[in-house]
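Participant: With the sequence up front, the predicted model follows.
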Amino acid sequence: MDQSPSNIQLIFALKTAVAAPILGAFLIPFANKISVAARNTLAVALGLVTFISAAWLLPGTISGLAINYSIAFPLGFDFILSADMLSVFMAVISSFVSSLILIYSIDYISHYENQTEYYTMVVLFLGSMMGLVFSANLLWMYVFWELTAFASWRLVGFFRSDRDVLKANKTFLVTVFGALCMLAGILLVYFDKGCIDMRLLRGENISNVAAFLILTGILAKSATLPFSTWLPDAGVAPSTVTALLHAAVLVKIGVYAYARIFGVTFVAAPEFSQAVLWIAGASAIVSAAAALVEKDIKRIIAYSTVSQIAFIFLGLASGNRVAFIGGLLYILMHSVAKGGLFLCAGIIEQKTHNKDITKMGGLFKTMPITGVSFALCSLSVMGIPPFGGFFSKFLVFKGATQNGTLGVILMFLAGAIMTLLYLSRMFYLVFMGQEKPDSPREGSIVMVASVLALALIGLSLGALIYYPSYYVDLLTNQLGVNLQ
Amino acid sequence: MNLILIPIVLPLAAALLVLLVPERTKYVKELLASGVTAVCLLTGVSTLLSALFGPPITLDLPWAGAGLNFALRADSLSSFLLLSVSFFSFLISIYAFSFENKGDAKWFFFNLLITQAFAAGAVLSENLLALLFFWEGLLVFLYTFIALSQKTEASKNTAKKAFLINAVTDLCLLVGVTIVACISGSMNMTVISGAKLTMNGWAGFAYVLMLIGAASKAGAFPFHTWIPDAATDSSVPFMAYVPAAVDKLLGIYFLARISIYLFALNGAMQLVLMTLGAVTILVAVMMAFVQTDYKRLLSYHAVSQAGYMILGIGTLNPIGIAGGLFHMLNNAVYKSCLFMTAGAVEKRTGTGDLSKLGGLFSVMPVTGICFLIAAAAISGIAPLNGFFSKEMIYKGTIYTGHTVFFWAAEVGSFLTLASFLKLGHAAFFGKRSDNFANVAEAPFSNLLPMAILAAVCIAFGFGAELPVTWFLNPALRTLNLQIPVLAGFHPDELYWLSVIVILAAVINHIVGYTLSGGKAYKASDHIHYAPLLQETYALAEKRFFDPYEIVMRAVPFVAAAIYKIDRFFDYLTDALPTRVAGAFSGASSRLHNGSYPLYMAFTIAGALIYIFITANYGGIR
C-alpha cells in the first residue's frame, strides 16, 4: 500500500469521517452536563468535521488514489473502509446537508424537550451513514444500515405521544423487515461467491433471488412502492428530522446502495433492471397522486420525495452511462432542494402552528424570504432551468429514452407533470391567496438563512453544472459496471 | 469574449444590476435597459452580416457531462431571429419609459432583460440541450412577468396558468429532444439535419412531442388559453413584448427548425400541421370577433395569427415556409404596435372597454394613425406587410392541393378585418364620451416605438424586397430550401379575392352596425347571438372549452382514484401485518392455558416432527 504522507493524511480523513460522528455522538450527553451551548457547539462541530473530512477526500479520489483502511476479521468479515468517487460523492452531500440541518436545529429544536437525545441521534445517524457509504464489506454495510434504522426510530419518535411512537415503530419495522430480506440476500451472495468484499466482487453476476432480496431492503429504506407509506407517516417528527431522513440522508441510503451494489459492483440480469424501472414508474405516479390529495404540508413533501426517489431509480436502473450520471446528479439536486423544502415547512409549521395547507394562505406577504426560498427549491424539484434539477431530470430522461421502454417513459412523463401540479398547488395554497388574520412574521435569522442558502445552492448548481457533472461523469467512467 | 455571448450575458448581468437600482430613481433603469437592448440589436446585425458574407459565428464549450456541450451557432436564420427579438426588446424598453401601469419598474425591466437574454440564447442554440435550457428557463420569467405586473390575485392565478400550460408542454418537448438525441446520436442541430429523421415509430412520436412544445410557445390552439386571460390580468408592455412578439418568434422559429431542418415530414403529418394552423385561425378569430375589450380582442388575434404561420410552415413548400417566417415577423410588428396603441388609449382614458370608448381619433391622431396602419396590415390589406406574407402563405397552401385550408384562411381574414373594423370604429370614431373631454395624445416615448413599428408595416409592404433579400432568402438557404420568387406585387386572382374579402367585411360591419342600432362595439352581435353560436359562445366565455380548466377540474378526481393504490399498499404494509400478527399471537396465547397434558402433547408432537424431518433430510438415512 502507498504509504506516502498524502495517503496517510487521506486515510486519517477517512477514519475521521466515520469515527468522529459515531464516537462523538456519545460525548454529546456529557457535553450537555457542561452547558447547553457546549452541547450544541459540539454537535455542529461534529457535523462540520465530518463534512470537512469527507470533502478532504475529494481531490484524492479524483486523481484516482485508492484510499483503504481495514481491520481483519475471520471468515471474510473484514471491516473495510474504502473511499472511491461514489462513496465520497455521497458522503459529501449527506454530511453537508446534515451540517446545515444541525445549524438550523440550534434554533428550531430549542423549543422542544429531549434535545440531548435529539443531537446524539442526529450525529449518530450521520456517523452510521458515513460508515455505510464507506464500507466495502456487505456485512458491515448491513450493520451500519441497521444502525441508521435505530437512530431514525428514535428520531421519528421524538415527540412522545402514542401516535408518534406508533409511527416511529412503523418506520423501524418496515425498514428492518427490508433489511432482514437484504441480509438474506447478502448471505446468498456469501454462500455463492464465498466473499462479500465488494471491491473483489466487481463485475460478478448476481442471482435473481439474491438481487430481489437485496432490492427489497433498498425499496423499504428508500420508501418506494410497495413499502412507501412509512415515509409520509414519519412526518410526525420535527421538520429537521424529516429533512434529514426524508430528503437528505435516510432515503438516499437505499439509492446509494442500489448504485453501489447494482451500479458499480454486480451485474444484474436485464429483467431485474427492467422490473425496477416499472416499480419505480408506478411509485412515481402513485405517490405524486397522493401528494395532490394530501393536505398536511409535510406529508405532501414526503410523498414528493417518494415520487422523486423513483426518478433516481429510473436513472440508476436504465443501464446506460447518461442515465447513471443523471441519477447521481439527481441525488445531489434532490438532497439540496428537498432539504430546503422541508426546512421551509419547518418554519411555516412553527410560525403558524398548523400543518394543514388548506387553512393557510397569503403567507408570501409576511414571510417573503421563506416564500422565495420555497419557490426556488420547488422549481429545482420540478426540474426547471436554470436550476440544477433541470439537468438531472434531462439526463435521467435521456438515459431512459436510450433504454427505450415506451411505457416507462410515459409513466415518468406523467410523474413529472404531476410534480408540477402538486408543487404549484402547495405553493399557491400556502403562500398565495387570501391572507389570514394575524399572519406570522418571518422565522429566525438562522432558520431563514439556512433555507435561503439551500435555495441559492440549488440555483448555483444549475449555473455551475459543469463541475458536478464533470465529477459524476468521471465517476461513471471509472466505476460504472455494465453500462452502455 | 465571443460576440454571440453578448446578447445573452450582457442583458443577464444588466438584469441583476437593475434589481440593485432603487425604485424611486428616474430613468436609470430605463436607460440601462434600452442601452443594453440596443447593444444586443447591434450584435444581431453583426452576426447576421457575418452569417451572410462568411462563416457563421459559433461557440462550443464543455458543459453538462456525458458529452453534452454548450454549443451556439449564429447562422442566418438564428441571426435573423436574434435581430428580431432584440428589436422588440429595444422598442418595448423605450415604450416602457413613461408607461406606469406595468408593476414595479425594476421588476419589469429585470424580466424584460432576462427574457431578452434567454430568448437570444434559445434562438442561437445549436445544441438542443442549450436550446431546452434557455427555452424552459423562460418559464420562470414568464411567471414573474405576469405575476408582478399587477398587484391583483387574478394576475397570480393567470401567471400560474401560463406557467403550468407552458411547463407541461416544455416537458413534452424535453422528452421529444431526448428521443431525437437517441436516434441521431447527437444533439447538435447541424449534425441531425445531415441525416433528417423520418416519420416512423419513435421519430414520429418525438416530432409530435416537439410540435407540442413549439405550438404551445407560439400560443396556438389548444395551448393558447392563458393569453386572453393575461390580456386583462397583466400589463400592456408585457402583452406587446411576450405573447405578441417574443413567444411567437421563438415558437415559429423552432417549428420551422424541426419541421424543415431536423425532420422530413410525411403527408399525414403535413395534414396535422395544416389542420392545427387552420383550427387555430378559425377558433381564435371567432372568439376575437365578439370581444368588447380592446386588449382581449387583440390577444385572441395574437393567437389567430399564429395559425397562419403554422399553416405556412405546414405547407412544406418554400413559398409557404417563407410566408410563415415572414408572417412571424410581420405579426410581431403590427401586433406589438396594436398592443401599444391599446396601452396608449388605456393610459389616457383609463379603460379598454369598447362600450365606453369612442371618437379618440381627433384627440389622439398619431395613435389613431398607427392603429389604422397596423390594423390594415393585420387584416391583409394591400400593400402593407401583412398582405404579402398572407399572400405567400395562401400560395403555398394552394400548391399543396389541400384548398380547404386556403378557404379556412380566407374566412379567417374576413373575420379579422371585420373585428378590426369594429374595434377601430368603436375606439377611434363615432361619438366621444364626455368623460374623455380632456384626453390628450400619448407621450413621445409611447408614440416613438409605435410609429417605428407602423413605419415598418409600410416599409415591409411596399419594400418587401428588403426583408426578402436580407432575412427570408438567407433563412431559406439555411434550411436548405430552393428559393422561389417572393417579392413583388402580383395583381392576380389572390389579389382580387382579397379585395372581395375586404368588401365583404365592410358590408358585414355596416350590417352589424345598423342592426345594433348604431353602436359600433355591438357590430358583431348579429353573429354573436345567432342561434347555436350564441350557446357556444356562452359556454366558451365560461371557459367550458378551456383545456386547462378541464384538466384542473379532473385532477382531484384522478388523483383521488390513484391515491387508493397508495392506501392499498399502506394496508398491506401496516394494517394487515399488524392484524395477522395480532391474530397469531392471540391464538397462541389462548393455547398457553397452563394445562399440563396439552403442553405434553405439544412436546411429543414437536419431537415427532423433528424426528421425521431429520430422518428424511438428515444424517440417519
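Facilitator: Cool, the structure landed.

Participant: List of residues touching stretch B:386-396?
Facilitator: The contact list for stretch B:386-396, computed with CB atoms under 8 Å, 6 or more residues apart in numbering or on different chains, reads B:308-309, B:311-312, B:315, B:317, B:319-324, B:326-327, B:329-331, B:334, B:376-381, B:406, B:409-410, B:413, B:457, B:460-461, B:464, B:486, B:490, B:494-495, B:498. For glycine as for every other residue, the C-beta is placed from the backbone atoms N, C-alpha and C.

Participant: I'd like to know which of those are part of strands.
Facilitator: Among those, DSSP state E puts none in strands.

Participant: List only buried entries from those.
Facilitator: Among these, those classed as buried by 16 or more other CB atoms under 10 Å in any protein chain shown are B:308-309, B:311-312, B:315, B:317, B:319-324, B:326-327, B:329-331, B:334, B:376-381, B:406, B:409-410, B:413, B:457, B:460-461, B:464, B:486, B:494, B:498.

Participant: residue boundaries of the strands in the stretch 1-150 of chain B?
Facilitator: Along the stretch 1-150 of chain B, counting by DSSP state E, counting those that start in this stretch, strands occupy B:57-62, B:69-74.

Participant: so can I have a markdown table of the ones you listed showing mean neighbour count, mean pLDDT and distance to chain A?
Facilitator: Conversion of these to a markdown table gives the following (neighbours: other CB atoms under 10 Å in any protein chain shown; pLDDT from 0 to 100; distance: least, CB to the nearest CB, whole Å):
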| stretch | mean neighbour count | mean pLDDT | distance to chain A |
| --- | --- | --- | --- |
| strand B:57-62 | 16 | 87 | 7 |
| strand B:69-74 | 22 | 89 | 9 |
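
Participant: which one of these lies closest to A:V446?
Facilitator: The minimum distance between A:V446 and these falls on strand B:69-74, with 37.3 Å, by CB to CB.

Participant: which other helices and strands contact that closest one?
Facilitator: helix B:28-53, strand B:57-62, helix B:105-124, helix B:128-147 (3 or more CB pairs under 8 Å, 6 or more residues apart in numbering or on different chains; DSSP states H and E).

Participant: quick one: which of the contacts of stretch B:386-396 sit in helices?
Facilitator: Counting by DSSP state H, the contacts of stretch B:386-396 place B:308-309, B:311-312, B:319-324, B:326-327, B:329-331, B:334, B:376-378, B:406, B:409-410, B:413, B:457, B:460-461, B:494-495, B:498 in helices.

Participant: interface residues of the stretch 101-250 of chain A facing chain B?
Facilitator: Contact residues, the stretch 101-250 of chain A versus chain B (CB under 8 Å from any CB of the partner chain): A:K170, A:V174, A:L225, A:P226, A:F227, A:S228, A:T229, A:W230, A:D233.

Participant: Point out the residues in the stretch 201-350 of chain B that sit beside chain A.
Facilitator: Neighbours of chain A within the stretch 201-350 of chain B, by CB under 8 Å from any CB: none found.

Participant: so where do the helices sit in the stretch 201-350 of chain B?
Facilitator: Ranges of helices in the stretch 201-350 of chain B, per DSSP state H, counting those that start in this stretch, are B:202-218, B:226-233, B:236-241, B:247-256, B:267-289, B:294-314, B:318-349.

Participant: How far does the shortest one sit from its chain's centre?
Facilitator: How far helix B:236-241 lies from its chain's middle: 13 Å, per CA atoms, centre = their mean, to the nearest Å.

Participant: Likewise for the second one?
Facilitator: With CA atoms, centre = their mean as the basis, the distance from the averaged C-alpha position of helix B:226-233 to the chain average is 13 Å.

Participant: Enumerate the positions of it that are buried.
Facilitator: Buried residues in helix B:226-233, counted by 16+ other CB under 10 Å: B:W226, B:I227, B:P228, B:D229, B:A230, B:A231, B:T232, B:D233.

Participant: okay, the second one: pLDDT?
Facilitator: Meaning B:I227. According to the prediction, B:I227 has pLDDT 91.

Participant: Return the residues in contact with it.
Facilitator: Counted by CB under 8 Å, 6+ apart, B:I227 has contacts B:G219, B:P243, B:S299, B:Y300, B:A302, B:V303.

Participant: Nearest to A:F397 among the residues you listed?
Facilitator: Nearest member of those to A:F397, counting by CB to CB, is B:G219, at 25.4 Å.

Participant: Give me the domain ranges for chain B.
Facilitator: Listed by automatic domain parsing, the domain ranges of chain B are B:316-338+B:358-544, B:549-617.

Participant: where exactly do the helices run in the stretch 1-150 of chain A?
Facilitator: Listed in chain order, the helices of the stretch 1-150 of chain A (DSSP H, counting those that start in this stretch) span A:5-25, A:28-34, A:36-62, A:85-108, A:115-134, A:138-156.

Participant: so where's the chain shaky on pLDDT?
Facilitator: In the absence of a named chain, this looks at chain A. Applying pLDDT under 70 to chain A picks out residues A:1-5, A:484.

Participant: The intended chain is chain B.
Facilitator: By pLDDT under 70, the low-scoring segments of chain B are B:1, B:486-489, B:618-621.

Participant: I'd like the helices of the stretch 1-150 of chain A as CSV, with mean neighbour count and distance to A:Q434 appended.
Facilitator: As requested, the helices of the stretch 1-150 of chain A are exported to CSV (neighbours: other CB atoms under 10 Å in any protein chain shown; distance: least, CB to CB, whole Å):
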stretch, mean neighbour count, distance to A:Q434
helix A:5-25, 19, 46
helix A:28-34, 16, 45
helix A:36-62, 20, 39
helix A:85-108, 25, 28
helix A:115-134, 26, 36
helix A:138-156, 22, 34
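
Participant: Nearest to A:L343, out of these?
Facilitator: Ranking the helices of the stretch 1-150 of chain A by proximity to A:L343 (CB to CB) places helix A:85-108 first, at 5.7 Å.

Participant: elements contacting that closest one?
Facilitator: When contacts are defined as 3+ CB pairs under 8 Å, 6+ apart, helix A:85-108 packs onto helix A:36-62, helix A:115-134, helix A:239-242, helix A:250-258, helix A:321-352, helix A:445-463, helix A:466-479.

Participant: Now the last one: buried residues?
Facilitator: Spelled out, that is helix A:466-479. Neighbour counts over helix A:466-479 (16+ other CB under 10 Å) mark A:P468, A:S469, A:Y471, A:V472, A:D473, A:L474, A:L475, A:T476, A:L479 as buried.

Participant: Next up, the contacts around the last one.
Facilitator: What that stands for is A:L479. Listed by CB under 8 Å, 6+ apart, the contact partners of A:L479 are A:D84, A:M85, A:L86, A:G263, A:V264.
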